[in-house]
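In: only geometry, no sequence info:
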């Protein structure tokens, strides 16, 4: 159990550092950045204390906000994501798996992909809606959600496949 | 009582979620308002330190470009020195030039951003270097933004690429002025709004700061007109201004402090009462 906790602490710090020092400055095609830190919420153990999960997600977002001067948009999007994650897991894995200690990499690829894509696009939509805060910018919000979402999805799939070999 | 307690216990996750979500909404709304200082910002010990370290590493990669810029500016300054020495070579000392109205503090940008709707920059000078909030920041080519939150060593700067900012600017030809806003679409262009309809506009005309506020001095270059159209009510022009500054690659900036600012503000506040 201690191994899981230390693993998550290290993942938290590494993802925040990578996000603020490298990924926030990529600006692909002008203004598209991936938000890899969502991986922390994706990989957080399925069996967890919901209150702890909400608080950790809030602080994860707040760390990113502090470094990128964005008020509270990352914190808001992360907390929202943490709150509705049980619904997403139920939808993409089915109800049974929630009670088993499943390993993330053992779930078959299609289910895993739907789970990742749903999480990323909900998060990005929340993020950009909070950033622009107006309905007149809805086209910009959707465009950013789509492009950044694709970028993040590719990056997260690469990261999970690269590190899955080590854990087996 | 028992039922209220039970209600709280059953819905504790939802209630915590609402609390945290409300908190982050407050932070977001706070960051959208120009005048309130932010609660969560990057001018603190931790993020300032981290950005300083990463900047120390990454600045080696564009040393050549930075050197060229500095050289260019040096040559401009040298030209200025030569010009002024011929002008002021007089037998008496002009007492007005002794009383410097503006104090310029050089600073280095350690975190740049230009892709968001509200961009905020971070520079490596703070209250230790006697900076305050609401000071103008320029680079060698033109305006950059206005200082906001400070601590002893770092300061956040609201970039002109920010929807909350509005800076007074005028045409070089005539003294018609309007205010600069940003429509978030392109970091190379800003919009000059509220320009009166009777102003004579031409593509390529230069836009300068107007000096109407105590933040920026008069005649700091902003950009050139790349296009203009009338607004919906057909009373004012909306001008698309191409910035002289490349906001995507900034490094050395200057913070300008107007020594008379306190007196001016006192006078303005007096008028309000």
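Out: Structure received. All values derive from a computational prediction rather than experimental measurement. Residues are numbered from 1 along each chain as shown, chains lettered A, B, ... in the order given.
In: any low-confidence regions in chain A?
Out: A:1, A:95-106, A:165-168 (pLDDT under 70).
In: spell out which parts of it neighbour chain B.
Out: By CB under 8 Å from any CB of the partner chain, the residues of chain A that approach chain B are A:17, A:20-21, A:24-25, A:27, A:30-33, A:50-51, A:54-55, A:58, A:61-62, A:65-73, A:75-76, A:79-80, A:82-83, A:130-133, A:137, A:140. Backbone N, C-alpha and C define where each C-beta goes, glycine included.
In: for the top helix by length along chain A, buried residues please.
Out: Longest helix of chain A, by residue count under DSSP state H: helix A:138-167. By neighbour count on 16 or more other CB atoms under 10 Å in any protein chain shown, the buried set for helix A:138-167 is A:140-141, A:144-145, A:147-153, A:155-156, A:160.
In: stretch A:69-79 now?
Out: A:69-79.
In: for that stretch, the distance to its chain's centre please.
Out: Remark: stretch A:69-79 is offset 13 Å from the chain centroid, using CA atoms, centre = their mean, to the nearest Å.
In: which of the helices or strands spans residue A:111?
Out: Element membership for residue A:111 (DSSP states H and E) is helix A:109-132.
In: what's that helix packed up against?
Out: helix A:38-43, helix A:73-93, helix A:138-167, helix B:12-32 (3 or more CB pairs under 8 Å, 6 or more residues apart in numbering or on different chains; DSSP states H and E).
In: where does pLDDT dip in chain B?
Out: Across chain B, the ranges flagged by pLDDT under 70 are B:34-40, B:75, B:78-100, B:271-273.
In: switch to 50 and redo it
Out: B:85-90, B:93-98 (pLDDT under 50).
In: would you map the helices across it?
Out: B:2-10, B:12-32, B:45-58, B:63-87, B:261-272.
In: who touches the first one?
Out: The one in question is helix B:2-10. Helix B:2-10 has contacts (CB atoms under 8 Å, 6 or more residues apart in numbering or on different chains) with residue B:15.
In: off-centre distance for it?
Out: How far helix B:2-10 lies from its chain's middle: 51 Å, per CA atoms, centre = their mean.
In: so which residues of the stretch 151-273 of chain B form strands?
Out: B:155-162, B:167-171, B:177-181, B:189-196, B:206-209, B:221-230, B:236-243, B:252-258 (DSSP state E, counting those that start in this stretch).
In: okay, these in JSON lines with distance to residue B:127 and mean neighbour count next?
Out: Listed next are these as JSON lines, based on distance: least, CB to CB, whole Å; neighbours: other CB atoms under 10 Å in any protein chain shown:
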{"stretch": "strand B:155-162", "distance to residue B:127": "8", "mean neighbour count": "26"}
{"stretch": "strand B:167-171", "distance to residue B:127": "24", "mean neighbour count": "22"}
{"stretch": "strand B:177-181", "distance to residue B:127": "28", "mean neighbour count": "21"}
{"stretch": "strand B:189-196", "distance to residue B:127": "29", "mean neighbour count": "19"}
{"stretch": "strand B:206-209", "distance to residue B:127": "25", "mean neighbour count": "21"}
{"stretch": "strand B:221-230", "distance to residue B:127": "28", "mean neighbour count": "17"}
{"stretch": "strand B:236-243", "distance to residue B:127": "29", "mean neighbour count": "20"}
{"stretch": "strand B:252-258", "distance to residue B:127": "12", "mean neighbour count": "18"}
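In: nearest to chain A, out of those strands?
Out: strand B:155-162 (6.2 Å; CB to the nearest CB).
In: run the chain-centre distance for the closest one.
Out: On the basis of CA atoms, centre = their mean, strand B:155-162 sits 5 Å off its chain's mean C-alpha point.
In: Throw the buried residues of helix A:138-167 into JSON lines and include distance to residue B:107, thanks.
Out: Below are the buried residues of helix A:138-167 laid out as JSON lines (distance: CB to CB, whole Å):
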{"residue": "A:140", "distance to residue B:107": "32"}
{"residue": "A:141", "distance to residue B:107": "34"}
{"residue": "A:144", "distance to residue B:107": "31"}
{"residue": "A:145", "distance to residue B:107": "35"}
{"residue": "A:147", "distance to residue B:107": "34"}
{"residue": "A:148", "distance to residue B:107": "31"}
{"residue": "A:149", "distance to residue B:107": "36"}
{"residue": "A:150", "distance to residue B:107": "37"}
{"residue": "A:151", "distance to residue B:107": "33"}
{"residue": "A:152", "distance to residue B:107": "34"}
{"residue": "A:153", "distance to residue B:107": "39"}
{"residue": "A:155", "distance to residue B:107": "34"}
{"residue": "A:156", "distance to residue B:107": "37"}
{"residue": "A:160", "distance to residue B:107": "41"}
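In: quick one: the most centrally placed residue in chain B from chain A, how far?
Out: Nearest residue to the geometric centre of chain B (CA atoms, centre = their mean): residue B:145, 0.8 Å. Note on residue B:145: its distance to chain A, by CB to the nearest CB, to the nearest Å, is 12 Å.
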